[in-house]
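Undergrad: when you get a sec, could you give me coordinates for this:
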Amino acid sequence: MKVLVLNGSPHANGCTATALDEVIRILQEDGIETELIQVGHLDIRGCIACGHCSKAGKCVFDDPVNELAPKFEASDGLLVGSPVYYGSPNGTILSLLDRLFYSTHFSKHMKVGAGVVSCRRGGNTATFDVLNKYFTISGMPVASSTYWNQVHGFSAQDVKKDLEGLQTMRNLGHNMAFMIRAIADAKEKYGMPKQEHEFFTSFPDGKE
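TA: The predicted structure is shown next:
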């Protein structure tokens, strides 16, 4: 069992990385393999709604998004970390997630998702909410903790002083590992939950 970890901060050893490292340590202690990929420093452009992926099965821009797709497909969970930029996630991680989720057609159903946020002071819960929406639109159970998955600090050293935040990360790691194992066990015993895809609400003619 494996979790793909994306660090959306441009700083490989900053606040977000410090929080993610705490989760990763617990996941590994609980028997879950992890792969951490630093993405916040990359040049990732946004989706242009060209529709290429619906035909080709991958994004028209052949960049790290297409490289991450098979790793995401093979994983049992996705852990995404981001700093707060103006009350929202880093623009790079947003562009990456938009394209990664939209351009891939494999089922994400029952992969466990978790977002981790670092901030100096504010904007954390709004950022956390944005990250979670990628999971909840894709049938991915969201791993929670004993507080919102966030740490506070202006530097990595500050985050190490946020004892409650680090505790939250450790509890998140245990919960995520448990969910992944429990879902694998249930899948073996009962199969996957049924999913419907018959309806797509749209009113293109504008009539009532």
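
Undergrad: the closest residue to residue 87 other than its chain neighbours - how many residues pack around it?
TA: Spatial nearest neighbour of residue 87, chain neighbours left out: residue 123 (3.8 Å); criterion: CB to CB, 6 or more residues apart in numbering. Any C-beta I mention is one placed from the backbone N, CA and C, and that applies to glycine too. Per other CB atoms under 10 Å, the neighbour tally for residue 123 reads 18.

Undergrad: and if you look at residue 181?
TA: Residue 181 has 16 nearby residues by other CB under 10 Å.

Undergrad: follow-up on the earlier one: residues contacting the residue nearest to residue 87?
TA: Residues counted as contacts of residue 123 (CB atoms under 8 Å, 6 or more residues apart in numbering) are 84, 86-88.

Undergrad: what would the residues you listed look like in CSV with pLDDT?
TA: Below are the contacts of residue 123 laid out as CSV (pLDDT from 0 to 100):
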residue, pLDDT
84, 98
86, 96
87, 95
88, 96
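
Undergrad: next, name the residue at the spatial heart of this protein.
TA: Centroid-nearest residue in the chain, with CA atoms, centre = their mean: residue 80, separated by 3.5 Å.

Undergrad: surely residue 12 is in contact with residue 38?
TA: Yes - with contact defined as CB atoms under 8 Å, residue 12 reaches residue 38; the gap is 5.0 Å.

Undergrad: can you pick out the residue with more neighbours from those two?
TA: Under the criterion of other CB under 10 Å, the comparison of residue 12 against residue 38 puts residue 38 first, with 16 against 12.
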